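Enquirer: Structure for this input, please:
(chains A, B, C and D)
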There are 2 protein chains.
Amino acid sequence: MPQSLPDLSIRQLEYLVAVADSDTFALAAEQVGVSPSALSQGLAELERRVGVSLFDREGRRRVLRSDTEPVLDHARQVVALTADLAGWARRTRSGDHGRLRLGMIDASAVQHHGEALRQFRAEHPELRIHLRVGPSGDLLRALVDGSIDVAVCVEPAEPLRGVTTEALMTEDLAIYAPDGRRRPGPSAGWGPWVLFPRGAHTRTVTETALRRRGVPVEVVAESHQPEVLCEMVRLGLGWSVLPVAQAEWGEQALVRCEILARRRLVTARRSGAAPHPAGVLLEQALRAGSTAGS
Amino acid sequence: MPQSLPDLSIRQLEYLVAVADSDTFALAAEQVGVSPSALSQGLAELERRVGVSLFDREGRRRVLRSDTEPVLDHARQVVALTADLAGWARRTRSGDHGRLRLGMIDASAVQHHGEALRQFRAEHPELRIHLRVGPSGDLLRALVDGSIDVAVCVEPAEPLRGVTTEALMTEDLAIYAPDGRRRPGPSAGWGPWVLFPRGAHTRTVTETALRRRGVPVEVVAESHQPEVLCEMVRLGLGWSVLPVAQAEWGEQALVRCEILARRRLVTARRSGAAPHPAGVLLEQALRAGSTAGS
DNA sequence: AGAATAGTTCAGTCTTGCTTCATTAATTTG
DNA sequence: CAAATTAATGAAGCAAGACTGAACTATTCT
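Expert: You can find the predicted model right below:
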């Protein structure tokens, strides 16, 4: 095996192909967009590197020798491969292509970014999007273990190692009382509560806010599903704290008592990972299409 | 079509392959024989040119992203193709390969270079050699019209357009008398003559030399074949002037009277043509193996 | 012969790639 | 936990390479 390969450049191979396809060097030079001088020198360099002479003189012109087909074939092949690669890169860069594994919390997937997501899919039909909807904690775990590429979730209380986040939007969490009252009354009378499960990011935000107000937090039911929590409130099981976009969504919207707190939604990526091109585009789309926020 | 392709170099693609096949950049750098810094910068440049990020961070090391197979495949493919090309070039350069159409005058093919030619064939078994033996004039015509690549012939009286020659050897032409005498006697008594045909290069040399000595040149027989001329001398038909190597070759060698002149044998190529690699080697072999000369 | 054409060579400039040395950051060790 | 080690990157300097415009050579056209 020849230990070191000749360091041919795509440029030189393009020159060769151009010369093979053109009548004169000058035309070939124009075709590749350089001066005839550059073409001549480039081909001389190519010849030197391959180590085999490629041209015969014919009067004042130079013509490819008949026995250099192997070189010309090689040049055409490599140029074609490179064109393919360039196409792949362009598609990849534009996010039109490949696979994007996306994680979203339900509020994002449905209330806030459903429309933006639908539109993004329509604009990138060749992009295979795998959407996984779940609680923020699950999504972040999936992110760090590499099973999704980008996530939209509630901002973690403290920065998570291996994950970088970027603020996306802020949304209000409101108190909803079982009797549909508009004024919550003295906070001593609130509760009991129907909340997101222990460990859920929004549960943490909620509990912190309630405690700060001196409200005892007695929890009588838990669910990750806001619809379930809503229904429990309607059934009179207890009070709840929910994102307004979810609690007041659809036919059977709840009536809010009072804004209790806010939660921040962020986009999250693995720290080390190069940004997924389609992921970057999607984040932009989400920012542009966020329906609420502040 | 992407109008301008990224100007990737083989070097950069080798870097990528090396990195894919090594655990660390440092090992990969060693493998391709550059400093880690050069490798790092080269890969960064490659990334920039392709326009797609290729690596993820993993602690303090960088690893190829899973979705860059297309790039890696491209790199492997192009590197492999280039290795093939390098192999082809090496074979071509070494003359081990391809076709060489060779023209020789009979004295060269048989007396002077027969052995060298046999040996050259043995050393380059893959090289297809087409040998054409004929008078110098025929060979030179064949050379200019492209039907042979290189010729060994008598030096033309004046340089021939489109042909470049290089001296190979000089050989003596001697006078041979029909009665086998060693001393030619007064030149007025020489002849009549049995010579190469009009127009043959050696005929020209011979006639010029005889005329300079004031010898009348009466020709009674002609042939391109030296054996035929020898036989005519033996039969007493006339005197001849022949290359000593041919006249005194084999069983029935003639006895020379006197050296009359010399002729120069040359190797000849088309002026425009790039030197045929195998042809160059053969010329070297002939020079090394010339049995006579001065 | 003179003009036009194809290609090369040359000189100058700018870019690229490599090496060495220094630096950052993650990991291991005492 | 600080110090040492290791992986990779960054900066400065230098040599090689690539491009342009102009001068030049050789060939062809008129």
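Enquirer: what bits of chain A have low per-residue confidence?
Expert: Applying pLDDT under 70 to chain A picks out residues A:1-3, A:184, A:290-294.
Enquirer: report the longest helix in it, please.
Expert: Determined from DSSP state H, the single longest helix within chain A is helix A:69-94.
Enquirer: quick one, it and helix B:69-93 angle?
Expert: Orientation check (axes from the mean of the first three to the mean of the last three C-alpha atoms, to 10 degrees): helix A:69-94 against helix B:69-93 gives 170 degrees.
Enquirer: residues of helix A:69-94 that come out buried?
Expert: By neighbour count on 16 or more other C-beta atoms under 10 Å in any protein chain shown, the buried set for helix A:69-94 is A:70-72, A:74-75, A:78-79, A:81-82, A:85-86, A:88-89, A:91-93. C-beta: built from backbone N, CA, C; applies to glycine.
Enquirer: At the contact with DNA strand D, which residues of chain A appear?
Expert: A:9, A:11-12, A:33-35, A:37-38, A:41-42, A:45, A:59-60 (C-beta under 7 Å from any atom of the strand).
Enquirer: Max pairwise distance over those residues: which two?
Expert: Distance extremes for these: the farthest pair is A:9 and A:59 at 30.0 Å, using C-beta to C-beta.
Enquirer: related to what we said a few turns ago, the buried residues of helix A:69-94: which ones sit near DNA strand C?
Expert: Of the buried residues of helix A:69-94, not one also sits near DNA strand C (C-beta under 7 Å from any atom of the strand).
Enquirer: ok, residue A:160 - how many residues close by?
Expert: Using other C-beta atoms under 10 Å in any protein chain shown, residue A:160 is surrounded by 17 other residues.
Enquirer: Now do the contacts for the residue lying closest to it once chain neighbours are set aside.
Expert: Once flanking residues are discounted, residue A:160 sits nearest to residue A:140: 6.0 Å by C-beta to C-beta, 6 or more residues apart in numbering or on different chains. By C-beta atoms under 8 Å, 6 or more residues apart in numbering or on different chains, the residues touching residue A:140 are A:151, A:153, A:156, A:160, A:163, A:268.
Enquirer: got the buried residues for whichever strand or helix holds the last one?
Expert: Secondary structure here is read from DSSP states H and E; on that basis residue A:268 sits in strand A:256-270. Applying a neighbour-count criterion of 16+ other C-beta under 10 Å, one finds A:256-257, A:260-261, A:263-270 buried in strand A:256-270.
Enquirer: Next: stretch A:133-152.
Expert: A:133-143, A:148-152.
Enquirer: Show me where the stretch 51-200 of chain A has its helices.
Expert: Using DSSP state H, counting those that start in this stretch, the helices assigned to the stretch 51-200 of chain A run over residues A:69-94, A:106, A:114-123, A:136-144.
Enquirer: got the residues of chain A next to DNA strand D as TSV, with secondary structure and neighbour count columns?
Expert: Formatted as TSV, the residues of chain A next to DNA strand D follow (DSSP: H, G, I helix; E, B strand; the rest coil; neighbours: other C-beta atoms under 10 Å in any protein chain shown):
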residue	secondary structure	neighbour count
A:9	strand	18
A:11	helix	19
A:12	helix	23
A:33	coil	12
A:34	coil	18
A:35	coil	11
A:37	helix	10
A:38	helix	14
A:41	helix	13
A:42	helix	21
A:45	helix	15
A:59	coil	7
A:60	coil	5
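Enquirer: Would you convert those into a markdown table that also reports distance to DNA strand C?
Expert: Below are these laid out as a markdown table (distance: C-beta to the nearest atom of the strand, whole Å):
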| residue | distance to DNA strand C |
| --- | --- |
| A:9 | 8 |
| A:11 | 10 |
| A:12 | 13 |
| A:33 | 15 |
| A:34 | 11 |
| A:35 | 8 |
| A:37 | 3 |
| A:38 | 8 |
| A:41 | 5 |
| A:42 | 10 |
| A:45 | 11 |
| A:59 | 8 |
| A:60 | 4 |
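Enquirer: any idea how far residue A:223 lies from residue A:215?
Expert: When distance is defined by C-beta to C-beta, to the nearest Å, residue A:223 is 20 Å away from residue A:215.
Enquirer: More neighbours: the two, which one.
Expert: residue A:215 (20 against 17).
Enquirer: Is it correct that the more buried one is in contact with residue A:190?
Expert: Yes: in this structure, residue A:215 is within contact of residue A:190 by C-beta atoms under 8 Å, at 5.4 Å.
Enquirer: Write out the residues of chain A neighbouring DNA strand C.
Expert: Checking chain A against DNA strand C by C-beta under 7 Å from any atom of the strand, the hits are A:24-26, A:36-37, A:39-41, A:43-44, A:55, A:60-62.
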